[in-house]
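1. Only the shape, not the letters, is given here:
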Ligand SMILES: Nc1ncnc2c1ncn2[C@@H]1O[C@H](COP(=O)(O)OP(=O)(O)OP(=O)(O)O)[C@@H](O)[C@H]1O
């Protein structure tokens, strides 16, 4: 479980000024589930993800993971950034192995760990190619494969599907659900897309406001695993409710 309490994040500006990105944000992201942090541009979504990853130190408040305060980078947290961060000069296999290489794991153990993941992700036969030779969807899968190589218990994803076309994006979303089903993994993802948040997650945390933004609303998503949730009237209804909520808060903040 990731517990965020009273989180305030500021950035320094040139000349000694500061800008407040997030103020008094609070949320509980349950273990083993997918949660979405949804909100308009600039409301502080990435800042919260970076703080949870231990990449930035909040001004105040605290974040705990399974009861332990986050005080820096944590071995079992993986982060997928918007641009995937693949190294263009390394092959698919070398990219997938990267966290293990950096951790000093020897080659035979790395292969043992990574090759089955590439197989599962349909990337095994492309293991000798370079990122530029892959489609957007394949790069995205490689980024997830790499993040799982480190066997994380927490996966943080910042707009992971934003550069994919509509249908590839839906495939990638279904792929993420299938990957998660096989693993005991807590996933927190940032997205601008209401439909993506509702489709993928069990909990949607909506952020509103800007400089500072905060988490202003939580929606629990009830879904029936047996049917395609995109076709379910509850899916459309919840997307509509969240859309209205975001529109109303935008008017209030004007
Ligand atoms: N490195 C930085 N230095 C100064 N200010 C920053 C920095 N990063 C973010 N900010 C400020 O914090 C606010 C929130 O930024 P953040 O990237 O967390 O928002 P976001 O909701 O993820 O935006 P987007 O959806 O556009 O990626 C921005 O409005 C910006 O003013």
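-> Thanks, I have the structure now. Source: prediction; values computed, not measured.

2. what about the most centrally placed residue in the chain, which SS state?
-> With distances taken as CA atoms, centre = their mean, the residue of the chain nearest its centroid is residue 157 (1.7 Å). Under DSSP: H, G, I helix; E, B strand; the rest coil, the three-state class of residue 157 is strand.

3. Model confidence at it, what's the number?
-> At residue 157, the predicted lDDT confidence score is 94.

4. That one: what's its closest spatial neighbour, skipping adjacent residues?
-> Spatially, and ignoring its direct neighbours in sequence, residue 157 is nearest to residue 189 (4.1 Å; CB to CB, 6 or more residues apart in numbering). Yep, even glycine has a C-beta here, placed from its N, CA and C like the rest.

5. gap between that neighbour and residue 45?
-> 10 Å (CB to CB, to the nearest Å).

6. just residue 96 next, same as before
-> 27 Å.

7. For the residue nearest to residue 157, give me phi and psi.
-> Here the main-chain torsion angles of residue 189 (degrees, to the nearest 10) amount to phi -120, psi 140.

8. wait, isn't it in contact with residue 34?
-> Yes: if you go by CB atoms under 8 Å, residue 189 and residue 34 touch, sitting 6.8 Å apart.

9. Quick check: residues of the stretch 151-254 of the chain near the ligand?
-> 210, 211 (CB under 6 Å from any ligand atom).

10. and the residue of the stretch 151-254 of the chain nearest the ligand?
-> residue 211 (5.1 Å; CB to the nearest ligand atom).

11. So for residue 96 and residue 45, which sits in the more crowded spot?
-> residue 96 (30 against 26; other CB atoms under 10 Å).

12. which residues sit against the helix or strand encompassing that one?
-> Using DSSP states H and E, residue 96 sits in helix 92-102. Where contact means CB atoms under 8 Å, 6 or more residues apart in numbering, the residues beyond helix 92-102 that reach it are 78, 86-87, 90, 109-111, 113-115, 117-118, 123, 126-131, 134, 142, 145-147, 149-150.

13. Confirm residue 64 sits in a strand?
-> Yes: per three-state DSSP, residue 64 lies within a strand segment.
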